[in-house]
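Asker: Sequence plus the predicted model coming up.
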Amino acid sequence: MEGKHVLVTGGAGFIGSNLSNRLAGDNHVIALDNCYLGTPENLSDDVQFVDASVLDDDLPTDVDVVVHLAALSSRSMLEDSPREGCRVNVEGFVNVVEQAMDDGCDTFVYASTSSIYDDDLPSSEDEQVVADTGYEAAMLSRERYGEYYDQFYEDVSIAGMRFFSVYQGYGGAEGHKGEYANTVSQWAAKMDDGEQPVLWDDGSQTRDYTHVRDVVRAIELVADHRLSGVYNVGTGRNVTFNETVELLNDALGTDIDPVYESIPLKHYNHQQRADPSKLREATGWEPAVAFEDGVEMLCEPYR
(Lines give C-alpha, C1' and ligand atoms only; values in the text may rest on other atoms or scores of the structure.)
Protein backbone atom coordinates (compact mmCIF):
# COMPACT_ATOMS: atom_id res chain seq x y z
CA MET A 1 0.00 0.00 0.00
CA GLU A 2 1.48 3.33 -1.05
CA GLY A 3 0.28 6.92 -1.25
CA LYS A 4 -3.02 6.25 0.56
CA HIS A 5 -4.84 8.05 3.32
CA VAL A 6 -5.56 5.34 5.90
CA LEU A 7 -7.62 5.43 9.08
CA VAL A 8 -6.81 2.73 11.64
CA THR A 9 -9.32 2.59 14.49
CA GLY A 10 -7.89 1.09 17.64
CA GLY A 11 -4.73 2.40 16.04
CA ALA A 12 -2.77 2.85 19.27
CA GLY A 13 -3.52 -0.69 20.44
CA PHE A 14 -1.52 -3.86 19.94
CA ILE A 15 -2.29 -4.85 16.35
CA GLY A 16 -3.34 -1.32 15.40
CA SER A 17 -0.05 0.33 16.34
CA ASN A 18 1.99 -2.33 14.56
CA LEU A 19 -0.11 -1.76 11.44
CA SER A 20 -0.05 2.03 11.72
CA ASN A 21 3.72 2.13 12.14
CA ARG A 22 4.27 -0.19 9.17
CA LEU A 23 2.01 1.76 6.84
CA ALA A 24 3.19 5.22 7.88
CA GLY A 25 6.39 5.01 5.83
CA ASP A 26 4.50 5.10 2.52
CA ASN A 27 1.07 6.45 3.48
CA HIS A 28 -0.65 9.11 5.54
CA VAL A 29 -1.93 7.17 8.56
CA ILE A 30 -4.40 8.34 11.19
CA ALA A 31 -4.47 6.18 14.32
CA LEU A 32 -7.73 6.77 16.16
CA ASP A 33 -7.97 5.48 19.72
CA ASN A 34 -9.70 6.45 22.98
CA CYS A 35 -6.73 5.01 24.95
CA TYR A 36 -8.85 2.47 26.83
CA LEU A 37 -6.83 -0.43 25.38
CA GLY A 38 -4.17 1.51 23.52
CA THR A 39 -1.50 4.09 24.16
CA PRO A 40 0.03 6.65 21.75
CA GLU A 41 3.42 5.61 23.12
CA ASN A 42 3.13 2.62 20.79
CA LEU A 43 3.11 4.91 17.74
CA SER A 44 5.95 6.30 15.68
CA ASP A 45 6.23 10.03 15.04
CA ASP A 46 5.08 9.49 11.44
CA VAL A 47 1.58 8.47 12.57
CA GLN A 48 -1.10 11.09 13.21
CA PHE A 49 -2.80 10.23 16.50
CA VAL A 50 -6.43 11.21 17.17
CA ASP A 51 -7.89 10.70 20.65
CA ALA A 52 -11.52 9.80 19.94
CA SER A 53 -14.13 7.05 20.27
CA VAL A 54 -15.59 5.10 17.37
CA LEU A 55 -18.98 6.16 18.74
CA ASP A 56 -18.24 9.86 18.12
CA ASP A 57 -19.62 12.04 15.37
CA ASP A 58 -17.30 13.84 12.93
CA LEU A 59 -14.62 11.17 12.82
CA PRO A 60 -11.61 11.68 10.50
CA THR A 61 -13.03 9.34 7.86
CA ASP A 62 -12.14 11.29 4.70
CA VAL A 63 -9.68 8.57 3.73
CA ASP A 64 -9.03 5.94 1.06
CA VAL A 65 -8.93 2.93 3.39
CA VAL A 66 -10.38 2.18 6.83
CA VAL A 67 -8.94 -0.62 8.96
CA HIS A 68 -11.37 -1.03 11.85
CA LEU A 69 -9.67 -2.77 14.76
CA ALA A 70 -11.28 -0.91 17.67
CA ALA A 71 -13.19 -3.23 19.99
CA LEU A 72 -13.63 -4.41 23.51
CA SER A 73 -11.56 -7.41 22.61
CA SER A 74 -12.13 -10.13 25.17
CA ARG A 75 -14.88 -12.30 26.57
CA SER A 76 -14.52 -10.88 30.09
CA MET A 77 -14.87 -7.27 28.96
CA LEU A 78 -18.28 -7.95 27.48
CA GLU A 79 -19.37 -10.02 30.46
CA ASP A 80 -18.53 -7.09 32.72
CA SER A 81 -20.12 -4.47 30.42
CA PRO A 82 -22.43 -6.18 27.90
CA ARG A 83 -24.27 -3.04 26.80
CA GLU A 84 -21.09 -1.02 26.39
CA GLY A 85 -19.47 -3.94 24.57
CA CYS A 86 -22.33 -4.12 22.09
CA ARG A 87 -22.24 -0.37 21.53
CA VAL A 88 -18.50 -0.26 20.89
CA ASN A 89 -18.16 -3.50 18.93
CA VAL A 90 -21.31 -3.28 16.82
CA GLU A 91 -22.62 0.29 16.82
CA GLY A 92 -19.05 1.64 16.66
CA PHE A 93 -18.38 -0.50 13.59
CA VAL A 94 -21.50 0.74 11.82
CA ASN A 95 -20.79 4.33 12.84
CA VAL A 96 -17.27 4.26 11.36
CA VAL A 97 -18.32 2.55 8.13
CA GLU A 98 -21.30 4.89 7.57
CA GLN A 99 -19.24 8.03 8.15
CA ALA A 100 -16.44 6.78 5.92
CA MET A 101 -18.81 5.85 3.10
CA ASP A 102 -20.39 9.31 3.33
CA ASP A 103 -16.88 10.70 2.83
CA GLY A 104 -16.31 8.51 -0.23
CA CYS A 105 -14.26 5.67 1.24
CA ASP A 106 -14.86 2.31 -0.45
CA THR A 107 -12.26 -0.02 1.10
CA PHE A 108 -12.69 -1.50 4.57
CA VAL A 109 -10.91 -4.21 6.55
CA TYR A 110 -12.16 -5.06 10.02
CA ALA A 111 -11.32 -7.31 12.95
CA SER A 112 -13.43 -10.37 13.66
CA THR A 113 -12.44 -13.38 15.77
CA SER A 114 -11.54 -17.06 15.49
CA SER A 115 -13.20 -17.88 18.83
CA ILE A 116 -16.47 -18.48 16.96
CA TYR A 117 -15.10 -21.84 15.74
CA ASP A 118 -15.54 -25.17 17.49
CA ASP A 119 -12.88 -27.82 18.16
CA ASP A 120 -13.17 -29.53 14.76
CA LEU A 121 -9.86 -28.83 13.04
CA PRO A 122 -8.74 -27.19 10.88
CA SER A 123 -11.20 -24.30 11.00
CA SER A 124 -12.29 -22.95 7.63
CA GLU A 125 -14.43 -19.94 6.75
CA ASP A 126 -17.24 -21.98 5.22
CA GLU A 127 -18.07 -24.02 8.32
CA GLN A 128 -20.80 -23.29 10.83
CA VAL A 129 -19.88 -20.90 13.63
CA VAL A 130 -21.47 -20.20 17.00
CA ALA A 131 -21.70 -17.37 19.52
CA ASP A 132 -21.12 -18.82 22.99
CA THR A 133 -20.21 -15.44 24.51
CA GLY A 134 -21.28 -11.83 24.17
CA TYR A 135 -17.94 -11.02 22.55
CA GLU A 136 -18.48 -13.64 19.86
CA ALA A 137 -22.06 -12.44 19.29
CA ALA A 138 -20.82 -8.88 18.79
CA MET A 139 -18.07 -9.87 16.37
CA LEU A 140 -20.44 -12.08 14.39
CA SER A 141 -22.76 -9.09 14.18
CA ARG A 142 -19.92 -7.21 12.50
CA GLU A 143 -19.66 -9.98 9.94
CA ARG A 144 -23.39 -9.84 9.22
CA TYR A 145 -23.18 -6.07 8.74
CA GLY A 146 -20.17 -6.66 6.51
CA GLU A 147 -22.28 -8.96 4.35
CA TYR A 148 -24.97 -6.30 4.17
CA TYR A 149 -22.59 -3.54 3.08
CA ASP A 150 -20.94 -5.80 0.52
CA GLN A 151 -24.24 -6.84 -1.03
CA PHE A 152 -26.09 -3.52 -0.82
CA TYR A 153 -23.31 -1.20 -2.04
CA GLU A 154 -21.89 -2.20 -5.40
CA ASP A 155 -18.50 -0.47 -5.19
CA VAL A 156 -17.66 -1.18 -1.55
CA SER A 157 -15.13 -3.86 -0.55
CA ILE A 158 -15.31 -4.93 3.09
CA ALA A 159 -13.33 -7.83 4.53
CA GLY A 160 -13.41 -9.37 7.99
CA MET A 161 -10.26 -10.88 9.47
CA ARG A 162 -10.74 -13.82 11.82
CA PHE A 163 -7.55 -13.45 13.85
CA PHE A 164 -6.17 -16.50 15.57
CA SER A 165 -3.89 -16.26 18.62
CA VAL A 166 -1.95 -13.06 17.87
CA TYR A 167 1.18 -12.39 19.95
CA GLN A 168 4.31 -10.26 20.08
CA GLY A 169 5.35 -9.92 23.71
CA TYR A 170 5.69 -7.24 26.34
CA GLY A 171 8.83 -5.98 24.62
CA GLY A 172 6.59 -5.04 21.69
CA ALA A 173 3.22 -3.32 21.75
CA GLU A 174 1.52 -5.88 24.02
CA GLY A 175 2.95 -4.58 27.28
CA HIS A 176 0.12 -2.14 27.97
CA LYS A 177 -2.51 -4.90 27.65
CA GLY A 178 -1.50 -6.68 30.85
CA GLU A 179 -4.05 -9.39 31.68
CA TYR A 180 -5.58 -9.02 28.21
CA ALA A 181 -2.32 -9.81 26.41
CA ASN A 182 -1.82 -13.14 24.68
CA THR A 183 -1.20 -15.97 27.13
CA VAL A 184 2.27 -16.74 25.77
CA SER A 185 3.28 -13.12 26.43
CA GLN A 186 1.84 -13.23 29.95
CA TRP A 187 3.58 -16.52 30.72
CA ALA A 188 6.94 -15.22 29.49
CA ALA A 189 6.74 -12.19 31.80
CA LYS A 190 5.80 -14.38 34.78
CA MET A 191 8.46 -16.97 34.12
CA ASP A 192 11.12 -14.28 33.81
CA ASP A 193 10.12 -13.25 37.34
CA GLY A 194 10.43 -16.84 38.52
CA GLU A 195 6.66 -17.38 38.72
CA GLN A 196 4.86 -20.49 37.53
CA PRO A 197 2.48 -20.01 34.59
CA VAL A 198 -1.09 -21.11 35.28
CA LEU A 199 -2.51 -23.50 32.67
CA TRP A 200 -6.10 -24.67 32.58
CA ASP A 201 -6.96 -28.37 32.58
CA ASP A 202 -3.94 -30.52 31.71
CA GLY A 203 -2.27 -28.14 29.28
CA SER A 204 -3.02 -30.26 26.21
CA GLN A 205 -5.23 -27.63 24.60
CA THR A 206 -3.76 -25.92 21.55
CA ARG A 207 -3.54 -22.50 19.95
CA ASP A 208 -2.57 -21.35 16.48
CA TYR A 209 -0.07 -18.67 17.53
CA THR A 210 0.27 -16.02 14.82
CA HIS A 211 2.91 -13.33 15.08
CA VAL A 212 1.65 -9.78 14.74
CA ARG A 213 4.05 -9.16 11.84
CA ASP A 214 2.20 -11.78 9.80
CA VAL A 215 -1.16 -10.36 10.84
CA VAL A 216 -0.19 -6.84 9.77
CA ARG A 217 1.00 -8.11 6.40
CA ALA A 218 -2.28 -10.00 5.93
CA ILE A 219 -4.32 -6.86 6.61
CA GLU A 220 -2.25 -4.85 4.14
CA LEU A 221 -2.63 -7.48 1.42
CA VAL A 222 -6.39 -7.75 1.90
CA ALA A 223 -6.74 -3.97 1.66
CA ASP A 224 -4.53 -3.85 -1.44
CA HIS A 225 -6.61 -6.53 -3.14
CA ARG A 226 -9.88 -4.85 -2.07
CA LEU A 227 -11.34 -8.16 -0.93
CA SER A 228 -14.73 -8.83 0.60
CA GLY A 229 -15.90 -11.69 2.81
CA VAL A 230 -14.14 -13.18 5.82
CA TYR A 231 -10.62 -14.60 6.03
CA ASN A 232 -8.74 -16.67 8.58
CA VAL A 233 -5.44 -15.17 9.70
CA GLY A 234 -3.59 -18.08 11.26
CA THR A 235 -0.54 -20.20 10.52
CA GLY A 236 -2.22 -23.56 10.06
CA ARG A 237 -0.16 -25.01 12.91
CA ASN A 238 -1.22 -25.49 16.52
CA VAL A 239 0.91 -25.87 19.64
CA THR A 240 -0.15 -27.19 23.05
CA PHE A 241 0.11 -25.04 26.15
CA ASN A 242 2.57 -27.55 27.61
CA GLU A 243 4.78 -27.30 24.51
CA THR A 244 4.55 -23.50 24.72
CA VAL A 245 5.88 -23.51 28.29
CA GLU A 246 8.73 -25.81 27.23
CA LEU A 247 9.69 -23.41 24.44
CA LEU A 248 9.58 -20.48 26.87
CA ASN A 249 11.82 -22.34 29.33
CA ASP A 250 14.31 -23.01 26.55
CA ALA A 251 14.30 -19.39 25.38
CA LEU A 252 14.51 -17.91 28.88
CA GLY A 253 17.00 -20.41 30.24
CA THR A 254 14.59 -21.33 33.03
CA ASP A 255 13.22 -24.61 34.37
CA ILE A 256 9.76 -23.71 35.65
CA ASP A 257 6.84 -26.13 35.79
CA PRO A 258 3.33 -24.82 35.19
CA VAL A 259 0.48 -24.92 37.69
CA TYR A 260 -2.71 -26.59 36.48
CA GLU A 261 -6.18 -25.36 37.37
CA SER A 262 -9.66 -26.44 36.34
CA ILE A 263 -11.35 -24.56 33.50
CA PRO A 264 -13.65 -21.93 35.04
CA LEU A 265 -15.75 -21.39 31.90
CA LYS A 266 -18.89 -23.10 30.63
CA HIS A 267 -17.77 -22.77 27.02
CA TYR A 268 -14.09 -23.08 26.14
CA ASN A 269 -12.19 -23.72 22.92
CA HIS A 270 -9.80 -26.58 23.64
CA GLN A 271 -8.29 -26.83 20.19
CA GLN A 272 -7.41 -24.21 17.58
CA ARG A 273 -5.85 -24.44 14.15
CA ALA A 274 -6.65 -22.29 11.16
CA ASP A 275 -7.12 -23.30 7.57
CA PRO A 276 -5.50 -20.23 5.95
CA SER A 277 -5.92 -21.44 2.36
CA LYS A 278 -8.60 -18.88 1.42
CA LEU A 279 -6.33 -15.96 2.37
CA ARG A 280 -3.34 -17.62 0.68
CA GLU A 281 -5.21 -18.22 -2.57
CA ALA A 282 -6.59 -14.67 -2.64
CA THR A 283 -3.39 -12.79 -1.80
CA GLY A 284 -0.40 -15.14 -1.76
CA TRP A 285 -0.01 -14.58 1.99
CA GLU A 286 2.06 -17.09 3.94
CA PRO A 287 3.11 -16.85 7.60
CA ALA A 288 6.76 -15.86 7.78
CA VAL A 289 7.44 -16.14 11.54
CA ALA A 290 7.66 -19.71 12.88
CA PHE A 291 6.46 -19.99 16.46
CA GLU A 292 9.88 -21.08 17.72
CA ASP A 293 11.39 -17.92 16.20
CA GLY A 294 8.56 -15.81 17.57
CA VAL A 295 9.19 -17.14 21.09
CA GLU A 296 12.88 -16.26 20.75
CA MET A 297 11.99 -12.70 19.71
CA LEU A 298 9.41 -12.43 22.49
CA CYS A 299 11.96 -13.49 25.12
CA GLU A 300 14.86 -11.38 23.82
CA PRO A 301 14.11 -8.39 26.13
CA TYR A 302 14.39 -10.66 29.18
CA ARG A 303 17.93 -11.81 28.43
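Answerer: Received, thanks.
Asker: mind checking how far Met191 is from Val50?
Answerer: Noted for Met191: a distance of 37 Å to Val50, by C-beta to C-beta, to the nearest Å. All C-beta atoms are positioned from the backbone trio N, CA, C, and that covers glycine.
Asker: Equivalent analysis for Trp187, please.
Answerer: For Trp187, the distance to Val50 - C-beta to C-beta - is 34 Å.
Asker: more neighbours, those two?
Answerer: Remark: of Trp187 and Val50, Trp187 carries more neighbours, 24 against 18, as counted by other C-beta atoms under 10 Å.
Asker: what's the nearest residue to the more buried one if we skip its chain neighbours?
Answerer: In space, and not counting its chain neighbours, Trp187 is closest to Pro197: 3.9 Å by C-beta to C-beta, 6 or more residues apart in numbering.
Asker: Secondary structure class of Val90, three-state.
Answerer: Secondary structure for Val90, judged by DSSP: H, G, I helix; E, B strand; the rest coil, is helix.
Asker: Quick check: the gap between it and Asp58.
Answerer: Shown here: Val90 relative to Asp58, a distance of 20 Å by C-beta to C-beta.
Asker: Please say which of those two ends up with more neighbours.
Answerer: A side-by-side neighbour count of Val90 and Asp58, using other C-beta under 10 Å, places Val90 first with 19 against 7.
Asker: so what's the more buried one up against?
Answerer: By C-beta atoms under 8 Å, 6 or more residues apart in numbering, the residues touching Val90 are Ala138, Ser141, Arg142, Tyr145.
Asker: and which of these is nearest Arg213?
Answerer: The nearest member of these to Arg213, counting by C-beta to C-beta, is Arg142 at 24.2 Å.
Asker: Pretty sure the closest one sits in a strand.
Answerer: No: according to three-state DSSP, the state of Arg142 is helix, so it is not within a strand.
Asker: unless I'm mixing things up, it is touching Phe93, no?
Answerer: Yes: counting by C-beta atoms under 8 Å, Arg142 does reach Phe93; the two are 5.0 Å apart.
Asker: Now the common contact residues for those two.
Answerer: Shared contacts of Arg142 and Phe93, counting by C-beta under 8 Å, 6+ apart, come down to Tyr110.
Asker: Give me the helices and strands touching the one helix or strand in the chain whose mean pLDDT sits lowest, please.
Answerer: Here the helix or strand of the chain ranked lowest by mean pLDDT, DSSP states H and E is helix 75-80, holding a mean of 75. Contacts defined by 3 or more C-beta pairs under 8 Å, 6 or more residues apart in numbering; DSSP states H and E place helix 75-80 against helix 82-86, helix 134-152.
Asker: Repeat the analysis, applying 6 Å as the threshold.
Answerer: helix 134-152 (3 or more C-beta pairs under 6 Å, 6 or more residues apart in numbering; DSSP states H and E).
Asker: From the centroid of this structure, which residue is nearest?
Answerer: Here the mean C-alpha position of the chain is nearest to the C-alpha of Phe163 (C-alpha atoms, centre = their mean), at a distance of 5.1 Å.
Asker: This protein: strands as residue ranges?
Answerer: Secondary structure of the chain (DSSP state E): strands located at 5-9, 28-33, 48-51, 65-68, 107-113, 157-163, 165-167, 198-200, 206-207, 209-211, 229-233, 239-240, 259-261.
Asker: I'd like those written out as CSV, with mean pLDDT and distance to Leu248 added.
Answerer: Shown next, in CSV, are these (pLDDT from 0 to 100; distance: least, C-beta to C-beta, whole Å):
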stretch, mean pLDDT, distance to Leu248
strand 5-9, 98, 31
strand 28-33, 98, 30
strand 48-51, 98, 33
strand 65-68, 98, 31
strand 107-113, 97, 25
strand 157-163, 98, 22
strand 165-167, 96, 12
strand 198-200, 93, 12
strand 206-207, 96, 13
strand 209-211, 98, 12
strand 229-233, 98, 23
strand 239-240, 97, 11
strand 259-261, 94, 14
